[in-house]
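K.L.:
What shape does this take:
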Amino acid sequence: DWLIRSEAEAKKDVRPSDAYFTKLDAVIEKNRDTDFGYYYICDEPECRGISPVYLKHIYDHVAEKDPYHPVLTASRGGKAYVGCADWFETHPYLGAKTLPDGTRTYWRNPNEMGDFVDAFELADRPDKVVGFLPTCFASSWVSYPTFDEYVLHTWAAMMRGGKSLWPYAGHDMGDRPSIYEGTKYVFSSFAALEDLVLNGTRTTFARSKELEGVLYALPDEKMLVAVNFTDRPRQVELPKTDGVFREFRGERTFALSATAPVRLELAPLETLVACTKAHDRGLRTLAETKADIVRKDAERRGRDNQLRGRYGDVQVTSNVRMR
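P.N.:
All right, here's what the predicted structure looks like:
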């Protein structure tokens, strides 16, 4: 009864009831001596019609009672909810799907991912962190992202200033090699590049619906990231800056200067990352990872299908709605 009443009042621009805060204080007190990372007070508030005013009251209360643990929420709500948590993971799901004619479509095109990071407008809010939750799963109405799509759409968001990554996958991790190996590749990459991504000064050198490029700079090193959002080759002009960049988890090198422009053709859905210092020692190369995914996917597809030719023998009943 308390939960039902709380949900109803949460959609109004009001302070939560005293009964709510009594329950909340009990939760805070119960966990006072518990080792945990953060509070999670609401999931996707923009989808549930939860009032930012209501959530702000809760956030302020938690922050006052326990200033030692941040408050996290997953949200696409942008600036409307920026006062309701310390740490945001935005999750504009890719929703990849292959149509019968072979056309690849998306709920949201990869070039839109960064807009959801920008929407929080954190340039003047050093007290807030926004990160990204990659689409590392599938559902009944969309298919799994390919490895290239996984890497691309993650960088498309993070290159706008994302400071954290949040994994979200259950059984899906074992369903496709592209998801399992893609998750390992993405998270190990950002761990290796952490200092540049968190502390580097970002300068955008290309941005359109087809291409985007960012230069990260620290006092003693630089990194460039360029992505091709399309399924066709595209040329990008690399930033005018001095330095020799070596492809991260690759073999190519690029000698750039502040005066002579360098143009490079990116393959379809390619994500190029290159650094002036090596950060990939001990990591498998991009080519090795892709080859391993191809091998493992061939093994998966080659397994015996116990249901083939026996569909009439299988019956499923359920007391809940099935998609």
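K.L.:
Figure out the helix or strand that the spatially closest residue to Glu181 that is not a sequence neighbour lives in.
P.N.:
Residue nearest to Glu181 in three dimensions, not counting chain neighbours: Ile293, with 5.1 Å by C-beta to C-beta, 6 or more residues apart in numbering. C-beta: built from backbone N, CA, C; applies to glycine. Using DSSP states H and E, Ile293 falls within helix 286-302.
K.L.:
all strands in the stretch 101-250 of the chain, in order from the N-terminus.
P.N.:
104-105, 129-132, 201-207, 211-218, 221-228, 234-237, 243-247 (DSSP state E, counting those that start in this stretch).
K.L.:
and Leu283, which of these is closest to it?
P.N.:
Checking the strands of the stretch 101-250 of the chain against Leu283 by C-beta to C-beta gives strand 243-247 as the closest, at 12.3 Å.
K.L.:
Report the contact partners of Thr154.
P.N.:
Taking C-beta atoms under 8 Å, 6 or more residues apart in numbering, we find Thr154 in contact with 132, 134, 165, 186.
K.L.:
mind listing the helices for the protein?
P.N.:
Counting by DSSP state H, one finds helices in the chain at the ranges 2-9, 18-30, 45-48, 52-65, 113-118, 147-158, 172-175, 177-192, 194-199, 286-302.
K.L.:
same for the longest one, what does it pack against?
P.N.:
The criterion is 3 or more C-beta pairs under 8 Å, 6 or more residues apart in numbering; DSSP states H and E, and the helices and strands that helix 286-302 contacts are helix 147-158, helix 177-192.
K.L.:
count of residues packed around Glu112?
P.N.:
When neighbours are counted by other C-beta atoms under 10 Å, Glu112 registers 17.
K.L.:
no wait, Thr285
P.N.:
Thr285: 14 neighbours (other C-beta under 10 Å).
K.L.:
quick one: it and Thr154, what's the gap?
P.N.:
According to C-beta to C-beta, to the nearest Å, Thr285 and Thr154 sit 18 Å apart.
K.L.:
List the buried residues in stretch 89-108.
P.N.:
For stretch 89-108, burial by neighbour count (16 or more other C-beta atoms under 10 Å) applies to 89-96, 106, 108.
K.L.:
which one of those residues is nearest Asn199?
P.N.:
Once C-beta to C-beta is applied, the member of the buried residues of stretch 89-108 that ends up nearest Asn199 is Glu89, at 20.0 Å.
K.L.:
Residues in a beta bridge with the closest one, which ones?
P.N.:
Per DSSP bridges, the residues bridged to Glu89 are Ala74, Gly131.
K.L.:
what's the spacing between it and Val130?
P.N.:
Computed with C-beta to C-beta, the distance linking Glu89 and Val130 is 8 Å.
K.L.:
Need the overlap of contacts for these two.
P.N.:
Ser164.
K.L.:
which outside residues touch stretch 15-32?
P.N.:
2, 5-6, 9-10, 54, 57-58, 61-62, 65-66.
K.L.:
Which two of the residues you listed have the greatest separation?
P.N.:
Maximum pairwise distance in those, criterion C-beta to C-beta, is 24.6 Å, between Arg5 and Asp66.
K.L.:
Spit out the contact partners of Ala267.
P.N.:
By C-beta under 8 Å, 6+ apart, Ala267 lies in contact with 228, 233.
K.L.:
what's the most buried one of the helices of the chain?
P.N.:
helix 147-158 (a mean of 25; mean count of other C-beta atoms under 10 Å).
K.L.:
and that helix, how far out from the chain's middle?
P.N.:
How far helix 147-158 lies from its chain's middle: 8 Å, per C-alpha atoms, centre = their mean, to the nearest Å.
K.L.:
cool, and stretch 221-239?
P.N.:
19 Å.
K.L.:
now the end-to-end length of it.
P.N.:
Start and end residues of stretch 221-239 are separated by 14 Å (C-alpha to C-alpha, to the nearest Å).
K.L.:
picking up where we left off before, hmm, the residue nearest to Glu181 is touching Thr183, no?
P.N.:
No - using C-beta atoms under 8 Å, Ile293 makes no contact with Thr183, being 11.7 Å away.
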